[in-house]
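*Asks:* I would like to see how this sequence folds:
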Amino acid sequence: MRNRLGDHVQAFFLYVFALGAGVSVAVQQVLNGGLRAALGSPAWAGFISYVGGLLTMIVVLLALGENLPSWKAIANTPWWAWSGGVLGGVFILLMILLLPSLGAATLIALVVAGQMAAAIALDHFGAFGLAAHPVSISRLAGAALLIAGVILIRD
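*Replies:* Numbers count the residues shown, from 1 in each chain. You can find the predicted model right below:
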């Protein structure tokens, strides 16, 4: 009984942290939009956002006492694993560019719907080393509900 309770408590906190990550994405986009307006440049706003992220990760690495990865680990890393930062840069730039036209709620709803569609496909095919989780009716229904939410929330 105690182990089950502990599992539920852990799951609760994981869900709360995941929701907090979602809140941070929405707030980050609004802040980046304000930075774009102040600087008059989406590219500079994105750059400054990434510098802030870099500084944050340096603090985290120092606080955790992380060692540099070995050359062997670096050499054995698949080529595609290095592209996350590029995709992150594209994401931030698109968010900064689209926010004024779409508004925060519509933009985030579309992003979440796109993330869900991609995640279902990546899970289904076990892409990039993921464990395969086949498409199911419930997953498709959840994605459909997200799309319905996008339709309902847009201006």
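*Asks:* contacting residues for the residue nearest in space to the middle of the chain?
*Replies:* The centroid of the chain falls nearest to Val25 when counting by Cα atoms, centre = their mean (7.3 Å). Contact partners of Val25, counting by Cβ atoms under 8 Å, 6 or more residues apart in numbering, are 108, 111. For the C-beta atoms, the positions are set from N, CA and C on the backbone; glycine is no exception.
*Asks:* Secondary structure element holding it?
*Replies:* Counting by DSSP states H and E, the element that carries Val25 is helix 2-39.
*Asks:* tell me the mean pLDDT for that helix?
*Replies:* Regarding helix 2-39, the rounded mean pLDDT is 90.
*Asks:* Next, the buried residues of that helix.
*Replies:* Within helix 2-39, the residues that qualify as buried are 26, 29, 32-33, 35-36, counting by 16 or more other Cβ atoms under 10 Å.
*Asks:* got it, and stretch 93-106?
*Replies:* Judged by neighbour count using 16+ other Cβ under 10 Å, the buried positions of stretch 93-106 are 93, 95-99, 102, 106.
*Asks:* Flag the shaky bits of the chain, pLDDT-wise.
*Replies:* Applying pLDDT under 70 to the chain flags residues 1-2, 155.
*Asks:* quick one on the thing from earlier: angle of whatever helix or strand comes next after the helix holding Val25 against helix 2-39?
*Replies:* Remark: after helix 2-39, the chain's next helix or strand is helix 42-64, criterion DSSP H and E. Per axes from the mean of the first three to the mean of the last three Cα atoms, to 10 degrees, the angle that helix 42-64 makes with helix 2-39 is 140 degrees.
*Asks:* can you give me how far helix 42-64 is from the chain middle?
*Replies:* In terms of Cα atoms, centre = their mean, to the nearest Å, the centre of helix 42-64 is found 15 Å from the chain centre.
*Asks:* same deal with stretch 130-144?
*Replies:* 19 Å.
*Asks:* Equivalent analysis for stretch 137-155, please.
*Replies:* 18 Å.
*Asks:* Next: stretch 32-51.
*Replies:* Centroid displacement of stretch 32-51 relative to its chain, using Cα atoms, centre = their mean, is 19 Å.
*Asks:* ok and the one helix or strand Met95 maps to relative to helix 42-64, angle-wise?
*Replies:* Using DSSP H and E, Met95 sits in helix 84-102. Here helix 84-102 runs at an angle of 130 degrees relative to helix 42-64 (the same axes, to 10 degrees).
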